[in-house]
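1. Using only what follows, build the 3D model:
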Amino acid sequence: MKVAMINGGVFGSTGKIMLGIADSLEKFGNQVFCAAPITVTNKDREPQREYYKIGTFFSRRINVLLSRMSGASNCYAQCSTKKLLKNLAAFQPDVLHLHNLHGDYINLPLLFKYIKKYNVPVVWTLHDCWDFTGHCPHFTIEKCEKWKEYCFKCPQYRSYPKSLFDNSKKMFRLKKKWFTGVKNLTIVTPSQWLADLVKQSFLKDYPIKVIHNGIDLTVFKPTPSDFRKKYGIPENKFILLGVAFGWGKRKGLDVFIELAHRLNKEKFQIVLVGTDNNVDKQLPQEIISIHRTQNQEELAEIYSAADLFVNPTREEVLGLVNIEANACGTPVVTFRTGGSPECISEKTGSVTGYNDIDAMQKEIERICETKPFSKEDCITRAKEFDENVRFKEYLELYKTVNGK
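-> Numbering: from 1, shown residues only. All right, here's what the predicted structure looks like:
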């Protein structure tokens, strides 16, 4: 089988998923064509496998600028998209797997014209909500439900993907025109929460399948280290860990700051991973800030050293960090938001009300004092998210949509 995949990058969570599926496909004797743009994250480094580069770094920057000035997202990049489609035609895929399409690296009218013209079987994994809104990839914090009928007067048009003008009404109409009417298209979502939203959108007529994202269980497992000693954390202190990349209100940075003021400093130590200098300026001194880990193995060591993984995210499609923590034997407490609660069970963590800091504080204190969750149950739960199992689910889906 020949499978072509398109994504907005080769690094980060979605890039890792695309390349992981590609590697798995090739192990079973399939041919794979991966395509992605050149972005800031991969401009100066390459992944372990080759991929087709959509346009140049400079051309994409021009597309981003044009999109920002006009509000017409993903309507440019004609030349690079035509070259991509020419290569796709030469490859003749049995299945085309789409991932993140936002980021102004591809011309969506041309892409979907090609798909409809040649009736290419399509699997489309939605990693956020951008594909069925007029602008935003997330809308939980704004409590906006305009996307169910028609987007207009977008309260987030100056947020990613940034625009000088609110063009959400026109973009909603165009997306609906582009994305509907494909004969053989199956939508995949990483969580049941997102699947339920898609069923309320203009994409509702397509088949929808939930395939949770997976993790590498050979990396994320209980991993001993000298983490406490390295950071001078006494054995009688509970380590509360937070991990995110892009700390801010969405990821609950303000919640950790508030918890640092509320919790007993003699009993609790907050550790945040994925911070930067700007975040450090907002943090009280008692929070340990780790900008980045050297590799995933080091991250597994930190997960393993923690007594509790705290995830006060306010917008989350799934929340792989919850699963990574469980895989290392660490229980989780999280807000009831998005797909985050789907990651854990009643034996591996606790879910509090959305944005309820009081409840989260009480659960942190209760879990650390009573230890109701076992390391063994956490590890067992994480095995349900083995990335190799998830990749095989995609392979079976490809066979289904291709009729093989």
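2. Do you have the strands of the stretch 201-350 of the chain handy? List them.
-> 208-210, 238-243, 268-273, 288-290, 308-311, 332-335, 349-352 (DSSP state E, counting those that start in this stretch).
3. Give the pairing partners of the fifth one; include direction for each.
-> According to DSSP bridges, strand 308-311 has the following sheet partners: strand 238-243 (parallel), strand 332-335 (parallel).
4. Need the winner for burial among the ones you listed.
-> strand 332-335 (a mean of 26; mean count of other C-beta atoms under 10 Å). Just so you know, the C-beta spots here come from the backbone N, C-alpha and C atoms, and that holds for glycine as well.
5. Between the strands of the stretch 201-350 of the chain, which one is closest to residue 400.
-> Closest approach to residue 400 among those (C-beta to C-beta): strand 208-210, 9.3 Å.
6. for the closest one, packing partners?
-> Packing contacts for strand 208-210, counted by 3 or more C-beta pairs under 8 Å, 6 or more residues apart in numbering; DSSP states H and E, involve strand 185-189, helix 192-198.
7. can you confirm residue 111 is in a strand?
-> No - counting by DSSP: H, G, I helix; E, B strand; the rest coil, residue 111 is not part of a strand but helix.
8. and it, what does it touch?
-> 6, 81, 85, 101 (C-beta atoms under 8 Å, 6 or more residues apart in numbering).
9. Next one: it from residue 275, what distance?
-> 37 Å (C-beta to C-beta, to the nearest Å).
10. How confident was the prediction at the closest residue to residue 305 other than its chain neighbours?
-> Spatial nearest neighbour of residue 305, excluding adjacent residues (C-beta to C-beta, 6 or more residues apart in numbering): residue 227 at 3.9 Å. Here the pLDDT value assigned to residue 227 is 98.
11. For residue 227, the count of nearby residues, please.
-> Residue 227: 18 surrounding residues under other C-beta atoms under 10 Å.
12. That one touches residue 307, doesn't it?
-> No - counting by C-beta atoms under 8 Å, residue 227 sits too far from residue 307 to count as a contact (11.8 Å).
13. So which bits of stretch 121-138 are buried?
-> The neighbour-count check on stretch 121-138 (16 or more other C-beta atoms under 10 Å) flags 121-138 as buried.
14. just to revisit the earlier point, restricted to strands, list the contacts of residue 111.
-> Residues from those lying in strands, with DSSP state E as the criterion: residue 6.
15. CSV for the contacts of residue 111, including distance to residue 172 and neighbour count?
-> Shown next, in CSV, are these (distance: C-beta to C-beta, whole Å; neighbours: other C-beta atoms under 10 Å):
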residue, distance to residue 172, neighbour count
6, 22, 24
81, 22, 21
85, 25, 18
101, 15, 24
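16. Which one of the contacts of residue 111 is nearest to residue 216?
-> residue 6 (23.2 Å).
17. And the pLDDT at that closest one?
-> 98.
18. contacting residues around it?
-> 35, 36, 54, 84, 96, 97, 98, 99, 101, 106, 111.
19. Repeat the analysis, applying 10 Å as the threshold.
-> Residues in contact with residue 6 (C-beta atoms under 10 Å, 6 or more residues apart in numbering) are 18, 33-37, 52, 54, 84, 88, 96-101, 105-106, 111, 124.
20. Model confidence at residue 43, what's the number?
-> 78.
21. before we move on, what about the one 5 residues further on?
-> Turning to residue 48, the model gives it a pLDDT of 82.
22. That one - nearest residue in space that isn't next to it in sequence?
-> Closest to residue 48 by C-beta to C-beta, 6+ apart is residue 19, at 7.8 Å.
23. what about that neighbour, how many neighbours?
-> 21.
24. Can you tell me the SS state at it?
-> helix.
25. ok, now the one 3 residues further on?
-> For residue 22, the secondary structure call by three-state DSSP comes out as helix.
26. what about it, distance to residue 323?
-> From residue 22 to residue 323 the distance is 22 Å (C-beta to C-beta).
27. This protein: helices as residue ranges?
-> Under the criterion DSSP state H, helices of the chain are mapped to 12-27, 57-70, 78-91, 108-118, 168-179, 192-198, 227-231, 253-262, 277-280, 296-305, 320-327, 357-370, 375-382, 387-402.
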